[in-house]
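K.L.:
any chance you could fold what I've pasted below:
(2 chains)
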There are 2 protein chains.
Amino acid sequence: MADYITPLQQLIEQFRKLPGVGSKTAVRMAFSVLHLPKEEIQAFSDALLAVRDGIHTCRICCNLTEGDICEFCADDRRDRTTVCVVEDVRDIMAIERVRDYRGLYHVLGGVLSPMNGIGPEHLHIKELLDRLSDDTVKEVIVATNPSVEGEATAMYLARLLRPLSLKVTRLAYGIPVGGELEYADEFTLRRAIQGRSVI
Amino acid sequence: MADYITPLQQLIEQFRKLPGVGSKTAVRMAFSVLHLPKEEIQAFSDALLAVRDGIHTCRICCNLTEGDICEFCADDRRDRTTVCVVEDVRDIMAIERVRDYRGLYHVLGGVLSPMNGIGPEHLHIKELLDRLSDDTVKEVIVATNPSVEGEATAMYLARLLRPLSLKVTRLAYGIPVGGELEYADEFTLRRAIQGRSVI
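P.N.:
Numbering: from 1, shown residues only, chains lettered A, B, ... in the order given. You can find the predicted model right below:
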């Protein structure tokens, strides 16, 4: 016998599918579940099903939502003239933590990646163009990651949006606050020098 | 907003309860679930409930089982004269992987630990004595971990079983196979010297 009894083994295999979980960790997790009170296991199981059934994509910005429209698109206090384009829902959370941006969002759902067969038709670009068709939005901030693919996607979007009469901006590159020049890579440092400002 | 939408946040909190899972890992796990096909999420949820409802303790040896008696106790080919006493169900798996031991098991469910308020009454010691009451068992191998508490538990059991006419043994201490003398701790090395054998 190499396996645990069936129900336990099946749970171990479910845990193994999670990112960063190897077989030993999965066993440890399954045993920890075994020792939980019955109602907590029920809550865990319910939470999984709620994620499966209760989460939709916002009709406007493709953010996650429990309803038809996400909390940002539904919020009248947000500035409707600015849209920040991000790769992923988690990037919205990162920007919201800063508590500085009051505009709307648009989730691309990835970046252009010809190597992985991801072209413009796989991203929520059509939805972006749709919402820019009336003249409400004045600025689109392209906040894709500062990676090669994120950069290429930003360039693609900038070219696509140029014909529309709106401002297309990109987040600033530079040395991170609290970082040390000595340890900054040359690409970052070059962008920091190019983007220097008068003090 | 610091939280994700409710269903996602609840799943993140469920993952956070698992051993070794911090908040960033929990977020990553919840998002990976979000991208699973619906039937896989159902299977995950079912697996949790199956562990809750389908796992019992073997009436004889306190191993985990789906029925009344575990596969070892039910297996006629196992040697019924030897019982190996382990702390935890996972220790059975470790011994089974060796494919060398053909006797039965007994799961204590822990070790004596006065510091944590765990006395003999909290372990499955009564069940062990019950099954030793007929004269089938000739040898009890005490395979608690080589820790201070595991050792104390082994000594306690040895004293308890001495009046019964059976052999009580303990796994050998020594240097691990493939290990290096140079890096062996002094306690292990002392036990290896004491337990030396003629070659």
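K.L.:
for the one helix or strand in chain A whose mean pLDDT sits lowest, packing partners?
P.N.:
Using mean pLDDT, DSSP states H and E, helix A:186-194 stands out as the lowest-scoring helix or strand of chain A, at a mean of 83. Of the remaining helices and strands, none touches helix A:186-194 by 3 or more CB pairs under 8 Å, 6 or more residues apart in numbering or on different chains; DSSP states H and E. Every C-beta, even on glycine, is put in place using the N, C-alpha and C of the backbone.
K.L.:
contacts for the top helix by length along chain A next, please.
P.N.:
When chain A is parsed with DSSP state H, its longest helix is helix A:38-54. Helix A:38-54 is contacted by residues A:33, A:36, A:66, B:6-8, B:10-11, B:13-14, B:17, B:30, B:33-34, B:38, B:41-42, B:44-46, B:48-49, B:51-52 when judged by CB atoms under 8 Å, 6 or more residues apart in numbering or on different chains.
K.L.:
hmm, 7 Å instead?
P.N.:
A:33, A:66, B:7-8, B:10-11, B:14, B:30, B:33-34, B:38, B:41, B:44-45, B:48-49, B:51-52 (CB atoms under 7 Å, 6 or more residues apart in numbering or on different chains).
K.L.:
now, of these, which are buried?
P.N.:
A:33, B:7-8, B:10-11, B:14, B:30, B:33-34, B:41, B:44-45, B:48-49, B:51-52 (16 or more other CB atoms under 10 Å in any protein chain shown).
K.L.:
identify the residues contacting the residue positioned nearest the centre of chain A.
P.N.:
Most central in chain A under CA atoms, centre = their mean is residue A:88, positioned 1.7 Å from the mean C-alpha point. Contact analysis of residue A:88 by CB under 7 Å, 6+ apart lists residue A:107.
K.L.:
next SSE downstream of the helix or strand containing residue A:152?
P.N.:
Residue A:152 is part of helix A:148-161 when elements are defined by DSSP states H and E. Using DSSP H and E, the helix or strand that follows helix A:148-161 towards the C-terminus is strand A:167-170.
K.L.:
quick check: buried residues in that following strand?
P.N.:
Neighbour-count burial for strand A:167-170 [16+ other CB under 10 Å]: A:168, A:170.
K.L.:
what's the answer for stretch A:152-171, then?
P.N.:
Applying 16+ other CB under 10 Å to stretch A:152-171 flags A:153, A:154, A:156, A:157, A:161, A:166, A:168, A:170 as buried.
K.L.:
test my guess that residue A:78 contacts residue A:96.
P.N.:
No. Taking contacts as CB atoms under 7 Å, residue A:78 lies outside contact range of residue A:96: 11.1 Å.
K.L.:
quick one: contacts for residue A:18?
P.N.:
Residue A:18 neighbours (CB under 7 Å, 6+ apart): B:29, B:32.
K.L.:
circling back: now flag whichever of the buried ones among the contacts of helix A:38-54 is closest to residue B:106.
P.N.:
residue B:51 (22.7 Å; CB to CB).
K.L.:
what residues go with each domain of chain A?
P.N.:
Per automatic domain parsing, the domain ranges recorded for chain A read A:6-54, A:64-198.
K.L.:
tell me what the biggest strand by length in chain A is packed against?
P.N.:
If you go by DSSP state E, chain A has its longest strand at strand A:79-86. Under the contact criterion of 3 or more CB pairs under 7 Å, 6 or more residues apart in numbering or on different chains; DSSP states H and E, strand A:79-86 touches strand A:103-107, strand A:139-142.
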